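Peer 1: Need a 3D model of the sequence below.
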Amino acid sequence: MQRKAYVPGIAALLAALLAGCTGGSGDGGTTDDSNPGDAGTASAAAEPGRYRTLPEPCTAVGHGTLDELLPGIRQITDADQRETAYEGEATLTYDTDRKVGCRWKVDSRDATDHLLIDFERVVSYDNAVSDDSQAEQLFAEKEAAAHLPEPTATETAATETPAAGSTPAGGASDAPSGSDAPSGSPSPSGSSSPPASASATPTELQPRVLEELGDEAFLDDELSSSGSTAKQRTVTVAFRTSNVIVTIEYAEQPAAIGVVPDSQEMQDRAQKLASRLADSLSD
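Peer 2: The predicted structure follows:
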């Protein structure tokens with residue numbers, strides 16, 4: 001009987017091919033087409049905001065500040081009622097980690113005053129967008145909704161006008177005298193102004209962007225147009241610090257028709273409160 005030829009080289013080649021097909025699946029070798037450098041080039045998650053909690057809003061304003069903004073509190077003779085007025089009322093919220101607020105309303109002999117403060121902590125759910133960037137975008141939308149007037153040439157010139165009583169370069173003072181004085185000048189008494197003066201708001205009291213308050217801020221000042229009742233003035237100051245947006249709404253409606261709340265006085269009070277809240281957040 002004829003024997004079949006046996007070729008050792010062919011057997012060795014087949015064994016090598018089989019080993020190559022199965023090798024690397026269990027020895028930790030790379031079996032796909034992924035680039036080992038991809039993991040190193042992935043973008044890091046955006047930084048979280050500075051603030052993880054919010055203050056208790058109804059205790060964020062001290063009694064002395066409330067006395068200044070809401071004069072009627074000091075006219076309340078009953079001690080329990082006065083303490084209730086100081087406590088304010090928390091606004092309705094469904095997530096106190098993200099949004100809290102408090103409101104006060106106090107009547108006095110001369111007017112009814114309202115105060116609202118609101119804290120909002122912004123959190124970004126996009127890993128590529130930081131909490132601060134998200135808050136900055138929301139604040140820009142809030143400012144745009146306020147429709148602040150654009151700075152005008154008059155405002156620019158006003159900042160360059162010499163102080164009252166000084167003499168401009170090149171000659172005598174150009175300041176108007178007597179009846180030529182602007183009708184929109186603030187009342188020297190600081191009390192409520194008659195309606196005639198409300199028609200011409202001084203440039204420095206118009207709605208505007210505020211400097212040196214938080215990371216960014218603005219002020220709005222609105223007088224109701226109702227002619228049948230006393231006019232209510234509402235001053236809003238909003239500012240952003242990192243990922244927290246704070247809004248203050250301060251409103252006053254006089255008891256008597258024909259009386260207009262003083263713009264400068266209300267703006268000064270609202271800005272002073274805003275500065276205190278900004279300082280408390282920084283602590």
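
Peer 1: Show the contacting residues for A111.
Peer 2: P71, G72, S192, E252, Q253, P254, A255, P261 (C-beta atoms under 8 Å, 6 or more residues apart in numbering). For every residue, glycine as well, the C-beta is placed using N, CA and C.

Peer 1: if you set the cut-off to 10 Å instead, what comes out?
Peer 2: By C-beta atoms under 10 Å, 6 or more residues apart in numbering, the contact list for A111 reads 70-72, 192, 230, 232-233, 251-256, 259, 261.

Peer 1: which of these are the two that sit furthest away from each other?
Peer 2: Spanning the widest gap among the contacts of A111 are L70 and A256, at 18.4 Å by C-beta to C-beta.

Peer 1: Of the contacts of A111, keep whichever come out buried.
Peer 2: Among those, the ones that count as buried by 16 or more other C-beta atoms under 10 Å are 70-72, 192, 230, 232-233, 251-254, 259, 261.

Peer 1: Out of the residues you listed, which sit inside strands?
Peer 2: R233, A251, E252, Q253, P254 (DSSP state E).

Peer 1: got TSV for those residues, with distance to A85 and pLDDT too?
Peer 2: TSV is the format used below for those (distance: C-beta to C-beta, whole Å; pLDDT from 0 to 100):
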residue	distance to A85	pLDDT
R233	21	95
A251	16	97
E252	16	95
Q253	17	93
P254	19	93
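
Peer 1: which one of the residues you listed is nearest D107?
Peer 2: Out of those, the member with the shortest distance to D107 (by C-beta to C-beta) is Q253, at 9.9 Å.

Peer 1: what residues are up against the closest one?
Peer 2: 107, 111-114, 224, 226, 229-234, 259, 261.

Peer 1: So which bits of the longest helix seen in the chain are buried?
Peer 2: Longest helix in the chain, counting residues (DSSP state H): helix 263-282. Using 16+ other C-beta under 10 Å as the test for burial, helix 263-282 gives 263-267, 269-271, 273-275, 277-278, 281.
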